[in-house]
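Participant: have a look; sequence and predicted model below, questions after that.
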Amino acid sequence: MIITNILRRLTKTQLALKPRPYSQDAPKALRSLKAKSSRPSVQFYVDACRVRAVAGNGGDGCISFLSAWCKQHAGPDGGDGGHGGHVIFQATHSIKSLNHFKPVIQAKHGEKGFNKECNGKNAGHIIVPVPIGTIVKNAEGTVLADLDTEGVMFVAARGGAGGRGNKFFLTDTEQAPSVAEVGAVGESLSYLLEVRSMAQVGLVGAPNAGKSSLLRAVTRARPTVAPYPFTTLKPHIGMVPYDDYEQVAIADLPGLIPGSHKNYGLGIQFLKHIERCKGLVYLLDGTQNPEEQYTSLKYEVTQYKEELSNRPSVVVVNKIDLPEGKRNYEKMKKKLDVLGISAKTGLNLTKLLSVVRKMYDADVITK
């Protein structure tokens, strides 16, 4: 009877967790019921960092001679030292950023050998998770590995081998060797890690266009919002859940100014963020001549890399809740296919998230 009740509960749980069948209707974005974090500190998205991987040293071999009660000179019995630990990078989907990395990653050393032929313990390897799509470069900038698959590993630093004890050097001619090996020194190497696939969609716009306000409105991210330009100096990531259990990552990128392809402002650092996004949302300030903004943004993106102009994109005019923004949106709508929203009041945000999902589905189908 008890087993029957357990099986019934398991069946109900499986049915509850089973995803709904695909519907012909477009997936709808869900508003998160969980409140935003009240912590004073805000976690920034780190997509590039320098790190030094220091592997463990091997343990030294032991010099020892066995002295038994029935035989005073029983011969050498020194054990081998243990091997030092490796430092390994492993790609996983559970990590999205590199903000958990420390400047130096140190593995443990191997244990030294003991008498009575007891070998030292090998040190455990340190496996550091990295986001899928992480590129590993050496100090000169040469690409060494592209961790683009779940579970793939890269050995950043190899641990030193343990030294052999004097028992190893016992021969027919040398019955009492008084020599042992010293453990090898582990590798110590520096790397530059870069996350290539930062988010599916990136918000591209001039400073103070409302990108941070939009990300706050549609996700649980908490980027700083202020009435002055260049509020965002580092990218922020927010996740948009849909009713078919899919999640789309949206990145709030730093503002773009004329001449960014020549490294003005944040320059090339900003444009690298755009290169890693699958789709782009050109967010325009409706109160500051949106047509001129779009022309400038498109020019800067094309000058940096021409293929970025062919990425899936949507042109969005923000702040249409203001009279001036509404007028500029109506004028631009006659010349270009644009979508008008208000990140402050939430106007047309549902339509925008539907367009974002279409760009995400198009990229998945292409793959």
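Facilitator: Ah, there it is. Numbers count the residues shown, from 1 in each chain.
Participant: can you name the element that comes right after the lowest-mean-pLDDT helix or strand in the chain?
Facilitator: Lowest by mean pLDDT, DSSP states H and E among the helices and strands of the chain is helix 2-17, with a mean of 44. Going down the chain from helix 2-17, the next helix or strand is strand 48-54, by DSSP states H and E.
Participant: chain center to the helix or strand immediately after that next one in the chain, what's the gap?
Facilitator: Next helix or strand after strand 48-54 toward the C-terminus (DSSP H and E): strand 65-66. With Cα atoms, centre = their mean, to the nearest Å as the basis, strand 65-66 stands 54 Å off its chain's centre.
Participant: helices or strands up against strand 65-66?
Facilitator: strand 75-76 (3 or more Cβ pairs under 8 Å, 6 or more residues apart in numbering; DSSP states H and E). C-beta: built from backbone N, CA, C; applies to glycine.
Participant: got the contact list for the strand it packs on?
Facilitator: 63-66, 165-167, 169-170, 175-177 (Cβ atoms under 8 Å, 6 or more residues apart in numbering).
Participant: can you select the buried ones from these in PyMOL?
Facilitator: Of those, the buried ones go into a single PyMOL selection, burial set by 16 or more other Cβ atoms under 10 Å:
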select buried, resi 63+64+65+66+165+166+167+169+177
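Participant: Throw the contacts of strand 75-76 into a markdown table and include distance to residue 278 and pLDDT, thanks.
Facilitator: Formatted as a markdown table, these follow (distance: Cβ to Cβ, whole Å; pLDDT from 0 to 100):
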| residue | distance to residue 278 | pLDDT |
| --- | --- | --- |
| 63 | 61 | 91 |
| 64 | 62 | 90 |
| 65 | 67 | 89 |
| 66 | 67 | 85 |
| 165 | 57 | 91 |
| 166 | 61 | 88 |
| 167 | 60 | 88 |
| 169 | 60 | 88 |
| 170 | 64 | 87 |
| 175 | 70 | 83 |
| 176 | 69 | 84 |
| 177 | 64 | 88 |
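Participant: between the two ends of stretch 177-187, how far is it?
Facilitator: Stretch 177-187 has an end-to-end distance of 30 Å (Cα to Cα, to the nearest Å).
Participant: grab the longest helix from the chain for me.
Facilitator: Longest helix in the chain, counting residues (DSSP state H): helix 349-366.
Participant: pull it out as PDB, backbone CA atoms only.
Facilitator: Written as PDB, here are the backbone C-alpha positions of helix 349-366 (Å, rounded to 0.1, in the frame of the first residue of the first chain):
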ATOM      1  CA  LEU A 349       7.300  46.200 -23.500                       C
ATOM      2  CA  THR A 350       5.300  43.000 -24.200                       C
ATOM      3  CA  LYS A 351       5.600  43.600 -27.900                       C
ATOM      4  CA  LEU A 352       9.400  44.200 -27.600                       C
ATOM      5  CA  LEU A 353       9.900  40.900 -25.700                       C
ATOM      6  CA  SER A 354       7.900  39.100 -28.400                       C
ATOM      7  CA  VAL A 355      10.300  40.500 -31.000                       C
ATOM      8  CA  VAL A 356      13.300  39.500 -28.800                       C
ATOM      9  CA  ARG A 357      12.000  35.900 -28.600                       C
ATOM     10  CA  LYS A 358      11.700  35.800 -32.400                       C
ATOM     11  CA  MET A 359      15.300  36.800 -32.800                       C
ATOM     12  CA  TYR A 360      16.300  34.100 -30.300                       C
ATOM     13  CA  ASP A 361      14.300  31.400 -32.100                       C
ATOM     14  CA  ALA A 362      15.800  32.400 -35.400                       C
ATOM     15  CA  ASP A 363      19.300  32.000 -34.000                       C
ATOM     16  CA  VAL A 364      18.400  28.600 -32.500                       C
ATOM     17  CA  ILE A 365      16.900  27.300 -35.700                       C
ATOM     18  CA  THR A 366      20.000  28.500 -37.700                       C
END
